[in-house]
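*Asks:* Need the 3D shape of this:
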Amino acid sequence: MTLKIHRLTSRPQFLAAAKGVSQARGAVVVQRLDRADGDDVVGVGFTATRKVGGAVVRNRCKRRLRQAARAMVALYGVSGSDYVFIARQGTADRPWERLLDDVKSALTRLATPADGPRSGKAPVVAAASDTPPSAKDLASQDLDR
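*Replies:* Numbers count the residues shown, from 1 in each chain. This is a model prediction of the structure:
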């Protein structure tokens, strides 16, 4: 099954995606928002800040990200999600194979369910219990932030 992909174009769409989860890999940051609206269309947007470089460099970064997304979102994207690809400092000069690998690893990581504190959110602590956590509970948490 191929995914139907449409472009994110308006600021509110980008801001909504920023509220989702994100993964930074090498020369790209990918943000994902699960829309949960029952629509199987995948939304894809691209951005590059002035920190990356001048207009020519930013446009080149976005062109490269568009091509990488075209190749990878169909394979590793989750239907019903919006993705925003953010160019980083090395996006323009990164070797193509490494850029594809960065996008692929970010998409696969975002497609797997979050498992613990590395998901970008603080772990949930039960407020009803006044007893301290046991050593087993502490060992099961990932504390090496």
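*Asks:* quick one, longest helix in this structure?
*Replies:* When the chain is parsed with DSSP state H, its longest helix is helix 55-76.
*Asks:* Tell me the buried residues in it?
*Replies:* 57-58, 60-62, 64-65, 68-69, 72-73, 76 (16 or more other Cβ atoms under 10 Å). C-beta here means a position set from N, CA and C on the backbone, and glycine is covered the same way.
*Asks:* show me where the chain has helices.
*Replies:* For the chain, applying DSSP H gives helices covering 11-18, 55-76, 96-111, 135-140.
*Asks:* With distance to residue 85 and pLDDT added, can I get the buried residues of helix 55-76 in CSV?
*Replies:* Shown next, in CSV, are the buried residues of helix 55-76 (distance: Cβ to Cβ, whole Å; pLDDT from 0 to 100):
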residue, distance to residue 85, pLDDT
57, 16, 96
58, 13, 96
60, 14, 96
61, 9, 96
62, 8, 96
64, 10, 96
65, 5, 95
68, 8, 94
69, 6, 93
72, 10, 92
73, 9, 92
76, 13, 91
